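K.L.:
Sequence and predicted model, in that order:
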Amino acid sequence: MFDANAPTAPLRLAGVTLNLPSAAGPVEILRGVDLTVRPGERVAIVGPSGCGKSSLIAVAAGLEQPTRGQVWLLGEDIGAMDEDRRARLRRGSVSLVFQSFHLLANMTALENVAAPLEIAHEKGADASARDWLARVGLAARARHYPHQLSGGEQQRVALARALAARPRLLFADEPTGNLDAGNAALVSDLMFALVAETGSALVLVTHDTALAQRADRTLAMADGAMAPGA
């Protein structure tokens, strides 16, 4: 039995369905998804392109509202929240890393990492950002802009930015998808090491089976639903 009042898990989904409009009528993207992620747990979600993995991340993070079902993020039922309240809930406690980096082009690596800390009014944001850049091996690139960094370096900046606030939950959507094998291995090693250090729970969407095998638990999706036994 699903119990929303059980000891707080970073993420719980119950019967989540997502329908999106199309020219041919509504398309069911997610179909009755149930998922619980425990504190500090690392969960990988695998499946073919178009099966709903990224949509699941969007719904779980409160970026997209489900058509039906409930989402508890950090113990809060986010279904009745407006966008501003969901953003406040995520701030400092939930981070996201994407395949396409999403760095701010007009900010240096240091400024990109420091920005969410400053928004959260954390003291010593600049010093903390420098420390996190050093942790991902980019202390010497602090003053470089995204266009001056390689893809692997940009993703390491994105990872530092995501984990600098030591979030309770990290969503990573194909974090190595745009990287060559060498950079993918480096980013993967850093991500798992830093998640372990911060104690963050991790929800990882990936096509990389070797990367998925590093998680505590691997769930398979197909046609918008979790495979039997997930």
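P.N.:
Nice, thanks for sending it over.
K.L.:
Please make it C-alpha for all contacts and neighbour counts, starting now.
P.N.:
Noted.
K.L.:
What count of nearby residues applies to G79?
P.N.:
Counted by other Cα atoms under 10 Å, the residues lying close to G79 total 16.
K.L.:
Let me know the secondary structure of it.
P.N.:
Under the three-state scheme (DSSP: H, G, I helix; E, B strand; the rest coil), G79 adopts helix.
K.L.:
give me the element L190 is part of.
P.N.:
Using DSSP states H and E, L190 sits within helix 181-198.
K.L.:
and that helix, how far out from the chain's middle?
P.N.:
Computed by Cα atoms, centre = their mean, to the nearest Å, the chain-centroid distance of helix 181-198 equals 14 Å.
K.L.:
From what I see, V136 and L190 are in contact.
P.N.:
Yes - using Cα atoms under 8 Å, V136 is in contact with L190, at 6.9 Å.
K.L.:
Just give me how far stretch 191-204 sits from the chain centre.
P.N.:
Here stretch 191-204 is found 11 Å from its chain centre; the criterion is Cα atoms, centre = their mean.
K.L.:
re earlier: just checking: what are the partner strands of the helix or strand following the helix holding L190?
P.N.:
Scanning forward in sequence from helix 181-198 by DSSP H and E, the next helix or strand is strand 201-205. Paired with strand 201-205 in the same sheet, following DSSP bridges, are strand 42-46 (parallel), strand 169-173 (parallel).
K.L.:
elements contacting whatever helix or strand comes next after strand 201-205?
P.N.:
Of the helices and strands lying after strand 201-205 in sequence (DSSP H and E), the nearest is helix 209-212. If contacts are counted by 3 or more Cα pairs under 8 Å, 6 or more residues apart in numbering; DSSP states H and E, helix 209-212 sits against strand 42-46.
K.L.:
check contacts around the spatially most central residue of the chain.
P.N.:
Taking Cα atoms, centre = their mean, the centroid of the chain lies closest to F171, which sits 1.4 Å from it. By Cα atoms under 8 Å, 6 or more residues apart in numbering, the contact list for F171 reads 57, 61, 94-97, 202-204.
K.L.:
give me that answer again for 10 Å
P.N.:
43, 57-58, 60-61, 94-98, 162, 201-205 (Cα atoms under 10 Å, 6 or more residues apart in numbering).
K.L.:
circling back to that earlier point, what sits up against the helix holding L190?
P.N.:
Helix 181-198 is contacted by residues 40-42, 132, 135-137, 150-153, 155-156, 159-160, 163-170, 172, 175-179, 199-202, 208, 211, 214-215 when judged by Cα under 10 Å, 6+ apart.
K.L.:
Quick check: bridge partners of the residue nearest to the centre of the chain?
P.N.:
Under DSSP bridges, the beta-bridge partners of F171 are L96, V203.
K.L.:
The most far-flung residue of the chain relative to its centre: what's it in contact with?
P.N.:
What lies farthest from the middle of the chain is A24; by Cα atoms, centre = their mean that is 31.2 Å. For A24, the contact set (Cα under 10 Å, 6+ apart) is empty.
K.L.:
Tell me the secondary structure at it.
P.N.:
Reduced to three states with three-state DSSP, the structure at A24 is coil.
K.L.:
And it, what's its pLDDT?
P.N.:
In this prediction, A24 carries a pLDDT score of 85.
K.L.:
follow-up on the earlier one: which residues do V136 and L190 both contact?
P.N.:
Residues touching both V136 and L190 by Cα under 10 Å, 6+ apart: 156, 159-160.
K.L.:
Helix or strand: which one has the spatially closest residue to L104 that is not a sequence neighbour?
P.N.:
With sequence-adjacent residues excluded and distances taken as Cα to Cα, 6 or more residues apart in numbering, L104 is closest to N112, at 6.5 Å. Applying DSSP H and E as the criterion places N112 in helix 109-119.
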